[in-house]
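> Structural data only, the sequence is not supplied:
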């Protein structure tokens, strides 16, 4: 029997990337191998995203391209778009099966002769850091978001399973582990409610458990809602040796009126107060965020409130998203939709502010000792490499390809709008590589 080949493609978030890696390891352990670049694959997996209309379009286009480049292939489609609109995807060329409910994925794999589905991953191919999914699902109802419809409920993984997976990834050479999920701050809510009879085990308890894993490695939190940052969270974050002092609380808007229309759960003052509480107990933490620009009804004054809130928050990075209608969400039918050209102009203004704020934060790292995880060589400066420090600031430092995947100790020398420039300290601090 000839060796079967596969090709896997992922659109969307860190959780999707993790889930694709899990499928990949299942396939490889069952006799499949990844098809070469110029080789047709017997089986294709597409993990889709549906957070925007553009994501849907990319998914359909990708499936068509795979059918064209892999004649006779069987394509299996999974992910959020597959859950939201399976019938549309079933009609696309080459589609063999659509996994509209991820709980059915083991049965789909079994029908392909794949019975060895691992409890967690061992590698994260193509990346220097590994994502680990600690929970799935969201129970909130923000008016712009379709995700609770396609990933409903809450499902937290056991601390023991996560611990074993993180330990395995570290043993395999990964120096940074990113704790990811759909709503990470709700980790443990479903398993430790009062009716469960189990003692509370929440996100900060998971920090403490993972922090006991020895070695020169670090963990990072993918996101957190400001309302879920309590005293225990801050106290634990400040005491954990391996947890990076960089956090991603999503602002979405700096206008109280817009936040109410979005059905968000906080006021601007409370959001900013949480950031200040963390700054008081952590060593110069970095904050990144998401902002939706041009939400229905957003006035010029409300947009100015967002700019002001971002200045006060002193974000290091802002992911700027123009509002995108999602059929099935309340906001898609709101009146006073903002014109595309207005959304575009506001995105540019906020992006310009983001560069200013980034430079201001990068300046705080000048004169500091930095631990840089090297990810590649500099494209513009021969003899230099680039990576990220513990606060997720981009850093360039002298180095070679031998440094890739390793920690390098450096000293911040200067900062600009896009990065920190550093010099190496001593003979550098390097542990392991990939």
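It's in. Since this is a predicted model, take the numbers as computed values, not measurements. Residues are numbered from 1 along each chain as shown.

> When you work out contacts or count neighbours from here on, use the C-alpha atoms and nothing else.
OK.

> What number of residues are in the vicinity of residue 60?
Counted with other CA atoms under 10 Å, residues neighbouring residue 60 total 17.

> separation between residue 344 and residue 225?
27 Å (CA to CA, to the nearest Å).

> Could you check which of those two is surrounded by more residues?
The residue with more neighbours, out of residue 344 and residue 225, is residue 225; 18 against 14, by other CA under 10 Å.

> thought that one was touching residue 250?
Yes - in this structure, residue 225 is within contact of residue 250 by CA atoms under 8 Å, at 6.3 Å.

> can you pull out the strands in the stretch 1-150 of the chain?
Per DSSP state E, counting those that start in this stretch, the stretch 1-150 of the chain carries strands over the ranges 4-10, 32-34, 43-48, 74-79, 95-98, 129-136.

> To residue 153, which of those lies closest?
When the strands of the stretch 1-150 of the chain are compared by CA to CA, strand 129-136 sits nearest residue 153, at 7.9 Å.

> can you list contacts of the closest one?
Residues outside strand 129-136 that contact it (CA atoms under 8 Å, 6 or more residues apart in numbering): 14-15, 17-18, 123-124, 151, 153-157, 162, 165-166, 169, 174-184, 187.

> what's the answer for stretch 92-110, then?
Contacts of stretch 92-110 (CA under 8 Å, 6+ apart): 60, 63-64, 67, 72-79, 82-84, 86, 89-90, 115, 117.

> quick one: average confidence on it?
For stretch 92-110, mean pLDDT rounds to 90.

> Please identify the buried residues of it?
If you call a residue buried by 16 or more other CA atoms under 10 Å, then stretch 92-110 has these buried ones: 93-101, 106, 108-109.

> Show me which pair in those residues is furthest apart.
Once CA to CA is applied, the buried residues of stretch 92-110 give 93 and 106 as the farthest pair, at 23.6 Å.

> quick one: contacts for residue 368?
411-412.

> same deal with the one 3 residues further on?
With CA under 8 Å, 6+ apart as the criterion, the residues that contact residue 371 are 389-390, 407-410.

> circling back to that earlier point, which among the contacts of strand 129-136 count as buried?
The buried subset of the contacts of strand 129-136 - by 16+ other CA under 10 Å - is 14-15, 17-18, 123-124, 151, 154-156, 162, 165-166, 169, 174-184, 187.

> List the ones among those residues that fall in helices.
Among those, the residues falling in helices (DSSP state H) are 14-15, 17-18, 162, 165-166, 169.

> who's in contact with the nearest residue to residue 34 once chain neighbours are set aside?
Closest residue to residue 34 apart from its sequence neighbours, by CA to CA, 6 or more residues apart in numbering: residue 6 at 4.9 Å. When contacts are counted by CA under 8 Å, 6+ apart, residue 6 is found next to 27, 32-35, 41-45.

> 10 Å instead?
24, 27-28, 32-36, 39-45, 73-75 (CA atoms under 10 Å, 6 or more residues apart in numbering).

> next one: residue 295
Applying CA under 10 Å, 6+ apart, the residues contacting residue 295 are 144, 252-253, 258-259, 261-262, 303, 321-325, 331-332, 334, 336-338, 343.

> For ChimeraX, write a command that selects the buried ones of these.
Listed next is the ChimeraX selection for buried residues among the contacts of residue 295, using 16+ other CA under 10 Å:
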select :144,252,253,258,259,261,262,303,321,322,323,324,325,331,332,337,338,343
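
> Could you list which of the contacts of residue 295 belong to helices?
Those of the contacts of residue 295 lying in helices (DSSP H): 258-259, 261-262, 303, 343.

> low-scoring stretches of the stretch 201-350 of the chain, by residue?
Low-confidence segments of the stretch 201-350 of the chain, defined by pLDDT under 70: none present.

> So which residues of the chain form helices?
14-29, 53-69, 80-84, 86-90, 105-111, 147-150, 159-171, 203-211, 231-239, 256-262, 268-281, 300-313, 340-363.

> buried set for the first one?
The reference is to helix 14-29. By neighbour count with 16+ other CA under 10 Å, helix 14-29 contains the buried residues 14-28.

> domains in this structure, as residue ranges please.
Domains of the chain are assigned by automatic domain parsing as 4-111, 121-244, 249-364, 369-424.

> Highest average neighbour count across the ones you listed: which stretch is it?
Greatest average neighbour count among these goes to domain 369-424 (a mean of 20), per mean count of other CA atoms under 10 Å.

> Quick check: end-to-end length of it?
10 Å.

> what distance separates it from the centre of its chain?
22 Å (CA atoms, centre = their mean, to the nearest Å).

> quick check: mean pLDDT across that domain?
Mean predicted confidence for domain 369-424 is 96.

> Same question for stretch 147-162.
93.

> tell me how far that stretch is from the chain's mean position?
15 Å.

> which residues sit in contact with residue 33?
By CA under 10 Å, 6+ apart, the residues touching residue 33 are 3-7, 24-25, 27, 41.

> Nearest to residue 53 among the residues you listed?
Using CA to CA, the contacts of residue 33 come closest to residue 53 at residue 7, 24.6 Å.

> check contacts around that closest one.
24, 32-37, 39-46, 66, 70, 73, 75.

> 8 Å instead?
The neighbours of residue 7, taking CA under 8 Å, 6+ apart as the test, are 34-35, 41, 43-45.

> Any chance of CSV for the residues you listed, columns pLDDT?
As requested, the contacts of residue 7 are arranged in CSV below (pLDDT from 0 to 100):
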residue, pLDDT
34, 94
35, 94
41, 94
43, 94
44, 96
45, 96
